[in-house]
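Q: sequence and predicted structure below; questions after.
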Protein chains: 2
Amino acid sequence: MIDVALGVDVGGTKSLAVVLDATGHVLDESRVASHAESPDALVEALSRQIRQLCEVHDLDVSTIPLGVGVAGMVAIDGRVAFSPHLPGASGAQVASGLCASLARQSTVVDNDANLAALAEGRWGAARGESHYVMVTLGTGIGGGIFTESTLRRGAHGFAGEIGHMSVVARGERCACGARGCWERYVSGDALTRRAREEVAAGRAALLAARYGPALTSEDVAAAADAHVPEARALLDEMGWWLAAGLANLAAILDVSCFVVGGGLSALANHLLPATRGHLDGLLEGRAARGEVEVRDAVLGARAGAMGAALAARERS
Amino acid sequence: MIDVALGVDVGGTKSLAVVLDATGHVLDESRVASHAESPDALVEALSRQIRQLCEVHDLDVSTIPLGVGVAGMVAIDGRVAFSPHLPGASGAQVASGLCASLARQSTVVDNDANLAALAEGRWGAARGESHYVMVTLGTGIGGGIFTESTLRRGAHGFAGEIGHMSVVARGERCACGARGCWERYVSGDALTRRAREEVAAGRAALLAARYGPALTSEDVAAAADAHVPEARALLDEMGWWLAAGLANLAAILDVSCFVVGGGLSALANHLLPATRGHLDGLLEGRAARGEVEVRDAVLGARAGAMGAALAARERS
């Protein structure tokens, strides 16, 4: 049998599964809508998707290395402890549930950004780096922390919840219940909100004329592509917010590189140059510290699923 | 010869050296004013202090395990790369300088809070903990991060600069050059500033009557001891700020325990209960996360010097 592993990445809207070979090539993939109405629904939907992919490829579902990434706080035992953006999934016993339903001995379950960090370190933008943080921008901000070339999971498995670092004391209310969380200032939603604020305040006539008061983050990105200064300014502002959080992580962790990926990568063209421009001025001891790189992720939307398969192969 | 090591902790105002035995007992200590007018002055003053202590105890200055802690960003090679609170020390080659002047083969040099974290983990409040952060409150906020029972120094040795995590975007200007750094909101200076603001604004009549407009953080602490509600409220507010930063670190690192020490420990009686009270409400996924403890440091002002001696013993 060909030497493959299976990885699944459960996001807020869809669940992506890949069949991965030992060199990091995706041989096949399947996308289905996420079912996270309840812990049981999540495990059942995952079982179905995994079983189907195994049948197509004549893989033994009970023995193939299998890894699953889930957005949120995933405990060391493979339980989804808390997931602000998949609230129905909180409490799901994903590892033991899949082991039971697929007659498996072990299933690796981890936070999606942790697994994306693993894949980008092996085959992507962080190859050869010992100290880096993977930052995934999407509905929220996810993180995976590598120090001394090792993924750091913390006391319970919850390390890397960087989107819930507060950068504005008593700031905007977050889905997690806290205030001022970094992800409230760097996301498609945040960009949409800021753009509408500017239009409503009469400070963005060009955007208002083009898209009206209900414009979205995609409109802002398109306008930035078309060199509309108001759109560029909004993306520069978001780049500043991204840099502000990265500067905090650099102070705490002293990583030499950040890899930025996730679903917002359509904005990366405009966002990351702005972020790089602002980061230097926000770092403590910049002159003494040396450069902190901000790199585009290279594995795209499949990084989490690829990392899940990779983790399964390595831990099994 | 008795089995001892020598540790020195260079703070903003004084330099504390200890002679430590293998079980963590301080056999003797010396305190001198810090000399950090220049890198050379720092190394010379340290050499003198170390030589003197060795002479008194008939220790061989060229072979005794020797460790030095310095507030600020200390590189892996033992150089003080940047020190916001000891600006003259920036650039000091402490490790190689002491090796040269004392005819030594090796000298351990690290950030003071990293070394305090080591000592509190071995003999103090974090004994037996695998994932914890030592937080030292003084002129600034220092930090030492342990995960999997190992001190994490980062790519260059600068990890743990937690005081320069910004918690207020575009907030108050910090000595490091950045804005809104955590240590701007949790320090003796911050307490003095806030107390004077309240007095000036006519919102603290009791404090104004007792201490006048030029009151200090010590006055606030004394007033809190005397149950003055305005002083209690100010310390509760600072406890909130301390908790806000700890919540960020918990989200990023998933540590199970914080140990709070340093020169501000006179305030700890009032500060830490407030911090514990506020922390739960600031943690992402508190119910799923389990308790995050906030403990008083137990080794007091000598933790950094003790950790320096311990590190020297272990790395030599």
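A: Nice, I can see it.

Q: drop to CA atoms for contacts and neighbour counts, all remaining ones
A: OK.

Q: for residue A:274, give me phi and psi.
A: Backbone geometry at residue A:274, expressed as degrees, to the nearest 10, gives phi -60, psi -40.

Q: state the pLDDT value of the closest residue to residue A:296 other than its chain neighbours.
A: The shortest distance from residue A:296 to any non-neighbouring residue, by C-alpha to C-alpha, 6 or more residues apart in numbering or on different chains, is to residue A:260 (5.2 Å). The score at residue A:260 is 97. That number is its pLDDT.

Q: let me know how buried residue A:260 is, in neighbour terms.
A: Look at residue A:260: counted by other C-alpha atoms under 10 Å in any protein chain shown, it has 24 neighbours.

Q: would you agree it is in contact with residue A:298?
A: No - using C-alpha atoms under 8 Å, residue A:260 is not in contact with residue A:298; the gap is 9.1 Å.

Q: that's a helix at the residue nearest to residue A:296, yeah?
A: No - counting by DSSP: H, G, I helix; E, B strand; the rest coil, residue A:260 is located in no helix; its state is strand.

Q: report the contact partners of it.
A: A:134, A:135, A:136, A:137, A:294, A:295, A:296, A:297 (C-alpha atoms under 8 Å, 6 or more residues apart in numbering or on different chains).

Q: beta partners for the residue nearest the centre of chain A?
A: Geometric centre of chain A, nearest residue: residue A:136, 3.1 Å, by C-alpha atoms, centre = their mean. Here residue A:136 sits in beta bridges with residue A:142, residue A:261, as judged by DSSP bridges.

Q: what's the pLDDT at it?
A: 95.

Q: distance of it from chain B?
A: Distance from residue A:136 to chain B, counting by C-alpha to the nearest C-alpha, to the nearest Å: 14 Å.

Q: isn't that residue right up against residue A:143?
A: Yes - between residue A:136 and residue A:143 there is a contact at 6.2 Å, judged by C-alpha under 8 Å.

Q: between these two, which contacts overlap?
A: residue A:113.

Q: how about the strands in chain A?
A: A:4-10, A:14-21, A:26-33, A:66-70, A:73-74, A:80-82, A:108-111, A:132-137, A:141-147, A:150-151, A:257-261, A:293-296 (DSSP state E).

Q: picking that back up, top of the contacts of residue A:260 by number of neighbours, please.
A: residue A:134 (32 neighbours).

Q: so it sits against residue A:111, correct?
A: No - counting by C-alpha under 8 Å, residue A:134 stays clear of residue A:111, with 12.0 Å between them.

Q: how about the contacts made by residue A:288?
A: Per C-alpha under 8 Å, 6+ apart, neighbours of residue A:288: B:81, B:82.

Q: do that again at 6 Å, thanks
A: By C-alpha atoms under 6 Å, 6 or more residues apart in numbering or on different chains, the residues touching residue A:288 are residue B:81.

Q: and for residue A:89?
A: A:36, A:38, A:39.

Q: please repeat the previous calculation with a cut-off of 10 Å.
A: Residue A:89 makes contact with A:35-43, A:70-72, A:79-83 under the criterion C-alpha atoms under 10 Å, 6 or more residues apart in numbering or on different chains.

Q: chain B next: which of these are close?
A: A:72, A:80, A:81, A:82, A:83 (C-alpha under 10 Å from any C-alpha of the partner chain).

Q: now stretch A:17-24: buried residues?
A: Across stretch A:17-24, burial judged by 16 or more other C-alpha atoms under 10 Å in any protein chain shown covers A:17, A:18, A:19, A:20, A:21, A:24.

Q: residue A:255: which of these is nearest?
A: residue A:24 (25.1 Å; C-alpha to C-alpha).

Q: so that closest one is in contact with residue A:313, correct?
A: No - the criterion here is C-alpha atoms under 10 Å, and residue A:24 misses it with residue A:313 at 11.3 Å.

Q: which neighbours do these two share?
A: What both residue A:24 and residue A:313 touch, as defined by C-alpha under 10 Å, 6+ apart, is the set A:4, A:5, A:307.

Q: which one of these has the most neighbours?
A: Counting by other C-alpha under 10 Å, top hit in the shared contacts of residue A:24 and residue A:313: residue A:307 with 33 neighbours.

Q: compute the first-to-last residue distance for stretch A:127-135.
A: With C-alpha to C-alpha, to the nearest Å as the measure, the first residue of stretch A:127-135 is 15 Å from its last.

Q: and that stretch, which residues are buried?
A: For stretch A:127-135, by 16+ other C-alpha under 10 Å, it's A:129, A:130, A:131, A:132, A:133, A:134, A:135.

Q: on the pLDDT front, check the fifth one for me.
A: What it means is residue A:133. The model's pLDDT for residue A:133 equals 98.

Q: from what I see, it and residue A:250 are in contact.
A: Yes - in this structure residue A:133 lies within contact range of residue A:250 using C-alpha under 10 Å: 9.2 Å.

Q: please enumerate the shared neighbours of those two.
A: Common neighbours of residue A:133 and residue A:250 (C-alpha under 10 Å, 6+ apart) are A:256, A:257, A:258.

Q: show me where chain A has helices.
A: A:39-56, A:94-101, A:112-123, A:188-200, A:205-211, A:217-225, A:229-253, A:268-282, A:286-289, A:303-315 (DSSP state H).

Q: worst mean pLDDT among those?
A: Looking at the helices of chain A, the bottom one is helix A:286-289 with a mean of 88.

Q: list the buried residues for that helix?
A: So, applying 16+ other C-alpha under 10 Å, buried residues of helix A:286-289: A:286, A:288, A:289.

Q: out of those residues, which is nearest to chain B?
A: residue A:288 (5.4 Å; C-alpha to the nearest C-alpha).

Q: smallest gap between the stretch 1-150 of chain A and chain B, at which residue?
A: residue A:81 (5.4 Å).

Q: contacts only, for that residue.
A: Residue A:81 touches A:72-75, A:89-93, A:156-158, B:285, B:287-289, counting by C-alpha under 10 Å, 6+ apart.

Q: quickly list what's touching both of residue A:260 and residue A:298.
A: Joint contacts of residue A:260 and residue A:298 (C-alpha under 10 Å, 6+ apart) are residue A:125.
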